[in-house]
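Q: With the input below, show me the fold.
(2 chains)
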Amino acid sequence: MPIPAKLQEYLDDLAIFTDRQDHIEYLIALSDDYKHPDAASFVRIEEKKVPGCESEVFIEAVPNGSSVDYRFAVDNPQGISAMAMAAILQSSLSGASRDEIAAVQEDIVFKIFGNELSMGKNLGLTNMVRIVKLLASR
Amino acid sequence: MQTLEQPIETRGYVHPDKLVSTDWLAEHLNDPQVIIVESNEDSLLYPSGHIPGAYEIDWTRDLNDPVRRDYLQSAEFAALMSRVGANPDSLIVLYGDKNNWWATYSLWVLELFGHKNTRILDGGRLKWVKEGRDLTREVPSAMNSGYPEVNRDDKTQRAYRDEVMAHLETAGKRIDVRSPDEYSGAKLHMPEYPNEGALRGGHIPGAKSVPWAKAINPEDGTFKTSDELKVIYQDGADAHPTDDVVVYCRIGERSSHTWFVLKYLLGYPQVRNYDGSWTEWGNLVGVPIEK
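A: Model (predicted):
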């Protein structure tokens, strides 16, 4: 089963960059796509919180036919990487089939951000992937 | 209870001159005698906006040997310092994300090479941003100041594993600055976490648990007062200025923050950072471990 086509497009785009600075600028531009939900429209409860993510990320999945639509809240305004990840996952996985989402591997974190992540940062971003997969499997 | 704006010089630190306030830095943005350096965990932060004129020192690319587990050598350090326009007497002000966690790590490495004229921006990036101060995406030009090559001193502020083993036989104090779950060894058994690269969980015998962030006011990232820090480290961990202290975490970054607090804010003369930390100790064959 292939991963969702839009996620593959992101990965293909990122694979083009050979210049580190260009890669970073692209990720920053993606983080600008993240839309922060206010407290009234997104209730933060412990069950939605991504474990091990110091950027204080919450994820919810709203059923949409046979699939789900994802919503993210990154409460740390310094959490640029988490915002970029949220933007990618929200736009590429919402509406995808549950089988396609299940096919997403945790190593997309390295494909997106490269191998310079600290263990803590890697942990938080990987757990975002784990949670979206878990929510799709329910 | 400290107020958020309590001036640095009134907090009772032994070396208050190792900190600068956001007000001070704002007044010195164009001071040619001041070199500003940002060090973060998140590699996207600096390019997304930084204090005007600040250079970036990246903890992975700039401070570490790319092959061996060690820090950069003399020639690479000289090149790094030349790039940011420093000479051996330059005043370097460091700041960063995570309450200056990575800034103190960079400062510790700078001081291994004898560059002591360093300061930490109290509150770091968090306070600067919260105060709505200017950020820019303009990266200053790389300089070539001809910083000389100097030998790295691995004896005074750094501890290797054999020295920690020897430390176990002394009355010295050891402080584990990781989270309580890492200290107890429970973290290896939490299903949602990786094993942190260590085969065994727990802590070095005799080490007291003082998570690094206890030294910080979480609202604005500033350091707690001397009295508050004494309660944490002296009353709480029985580590006093007369003690030979070794601090450690997972790879030596969080513990560099505690090293800074003990050495400069509380003035402990004998503090070393064991940068091998738990990723080394937790994988060594035959070393003693407590849970």
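Q: With adjacent residues omitted, what lies nearest to residue 55?
A: I went with chain A, as the question did not name one. Leaving out its chain neighbours, the residue that sits closest to A:S55 by C-beta to C-beta, 6 or more residues apart in numbering or on different chains is A:G79, at 3.0 Å. No exception for glycine: its C-beta is placed from N, CA and C like everyone else's.
Q: wrong one, chain B
A: Closest residue in space to B:Y55, ignoring its immediate chain neighbours: B:V84 at 4.3 Å, by C-beta to C-beta, 6+ apart.
Q: what residues are up against that neighbour?
A: B:V84 is in contact with B:I35, B:V37, B:Y55, B:I57, B:I92, B:M143, counting by C-beta atoms under 8 Å, 6 or more residues apart in numbering or on different chains.
Q: Mind checking if the helix or strand hosting the fifth one is in reach of chain A?
A: Taking DSSP states H and E as the definition, B:I92 sits inside strand B:91-95. No - judged by C-beta under 8 Å from any C-beta of the partner chain, strand B:91-95 makes no contact with chain A; its nearest approach is 12.4 Å.
Q: which outside residues touch that strand?
A: Residues outside strand B:91-95 that contact it (C-beta under 8 Å, 6+ apart): B:20, B:25, B:28, B:33-39, B:51, B:54, B:57, B:84, B:86, B:100, B:103-104, B:106-107, B:110, B:115, B:117-121, B:124-125, B:128.
Q: Direction included, what does it pair against?
A: Within its sheet, strand B:91-95 is paired with strand B:34-38 (parallel), strand B:118-121 (parallel), according to DSSP bridges.
Q: And the first one, how far out from the chain middle?
A: Counting by C-alpha atoms, centre = their mean, to the nearest Å, strand B:34-38 is centred 16 Å from the centre of its parent chain.
Q: just to revisit the earlier point, anything in the helix or strand immediately after the strand holding B:I92 in the chain sitting right up against chain A?
A: For strand B:91-95, the following helix or strand on the C-terminal side (DSSP H and E) is helix B:97-112. Yes - in this structure, helix B:97-112 sits against chain A according to C-beta under 8 Å from any C-beta; the contacting residues are B:D97, B:K98.
Q: Same question for stretch B:133-141.
A: No - among the residues of stretch B:133-141, none lie within reach of chain A under C-beta under 8 Å from any C-beta; the closest is 8.8 Å away.
Q: buried set for that stretch?
A: Within stretch B:133-141, the residues that qualify as buried by neighbour count (16 or more other C-beta atoms under 10 Å in any protein chain shown) are B:P140.
Q: Any chance you could list what contacts that stretch?
A: Stretch B:133-141 is touched from outside by B:22, B:26, B:47-56, B:128-129, with contacts defined as C-beta under 8 Å, 6+ apart.
Q: Put together CSV for these, with secondary structure on each row.
A: As requested, the contacts of stretch B:133-141 are exported to CSV (DSSP: H, G, I helix; E, B strand; the rest coil):
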residue, secondary structure
B:T22, helix
B:A26, helix
B:P47, helix
B:S48, helix
B:G49, coil
B:H50, strand
B:I51, coil
B:P52, coil
B:G53, coil
B:A54, coil
B:Y55, strand
B:E56, strand
B:W128, helix
B:V129, helix
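Q: so which of those comes closest to A:L123?
A: B:S48 (21.4 Å; C-beta to C-beta).
Q: any idea how far that closest one is from B:R83?
A: 21 Å (C-beta to C-beta, to the nearest Å).
Q: for B:T279, helix, strand, or coil?
A: Going by three-state DSSP: B:T279 is helix.
Q: Return the per-residue confidence for it.
A: In the predicted model, B:T279 carries a pLDDT score of 90.
Q: that older thread, the more surrounded of B:S48 and B:R83?
A: It is B:S48, of B:S48 and B:R83, that has more neighbours when counted by other C-beta atoms under 10 Å in any protein chain shown, with 22 against 17.
Q: Distance-wise, check that one relative to B:D134.
A: Here B:S48 is placed at a distance of 14 Å from B:D134 (C-beta to C-beta).
Q: and if you look at B:S209?
A: Distance, B:S209 to B:D134, by C-beta to C-beta: 39 Å.
Q: Just send the contacts of stretch B:133-141 back as a markdown table, with distance to A:Y34 and pLDDT too.
A: Compiled in a markdown table, the contacts of stretch B:133-141 are given as follows (distance: C-beta to C-beta, whole Å; pLDDT from 0 to 100):
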| residue | distance to A:Y34 | pLDDT |
| --- | --- | --- |
| B:T22 | 27 | 98 |
| B:A26 | 29 | 98 |
| B:P47 | 16 | 95 |
| B:S48 | 12 | 94 |
| B:G49 | 15 | 96 |
| B:H50 | 20 | 98 |
| B:I51 | 23 | 98 |
| B:P52 | 25 | 98 |
| B:G53 | 28 | 98 |
| B:A54 | 24 | 98 |
| B:Y55 | 28 | 98 |
| B:E56 | 23 | 98 |
| B:W128 | 22 | 97 |
| B:V129 | 17 | 95 |
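Q: which one of those residues is nearest A:P63?
A: The nearest member of the contacts of stretch B:133-141 to A:P63, counting by C-beta to C-beta, is B:S48 at 34.4 Å.
Q: Would you point out which residue of chain A is nearest chain B?
A: Closest approach of chain A to chain B (C-beta to the nearest C-beta) occurs at A:I80, with a separation of 4.1 Å.
Q: And the helices in the chain?
A: In the absence of a named chain, this looks at chain A. For chain A, helices defined by DSSP state H occupy the ranges A:5-16, A:20-32, A:80-93, A:98-102, A:108-113, A:119-137.
Q: nope, chain B
A: In order along the chain, chain B carries the following helices (DSSP H): B:22-27, B:45-48, B:74-83, B:97-112, B:124-130, B:161-167, B:180-184, B:226-230, B:254-260, B:277-281.
Q: quick one: the third one to chain centroid distance?
A: Going by C-alpha atoms, centre = their mean, the spacing between the C-alpha centre of helix B:74-83 and its chain's C-alpha centre is 20 Å.
Q: Now tell me what touches it from outside.
A: By C-beta under 8 Å, 6+ apart, helix B:74-83 touches B:55, B:57, B:62, B:72, B:87, B:90, B:113, B:115, B:142-152.
Q: Which of those residues fall in strands?
A: With strands identified by DSSP state E, the entries of the contacts of helix B:74-83 that belong to them are B:Y55.
Q: Need the buried ones from the contacts of helix B:74-83 selected in PyMOL.
A: When burial is assessed using 16+ other C-beta under 10 Å, the buried subset of those is captured in PyMOL by this command:
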select buried, chain B and resi 55+57+62+72+90+113+115+147+152
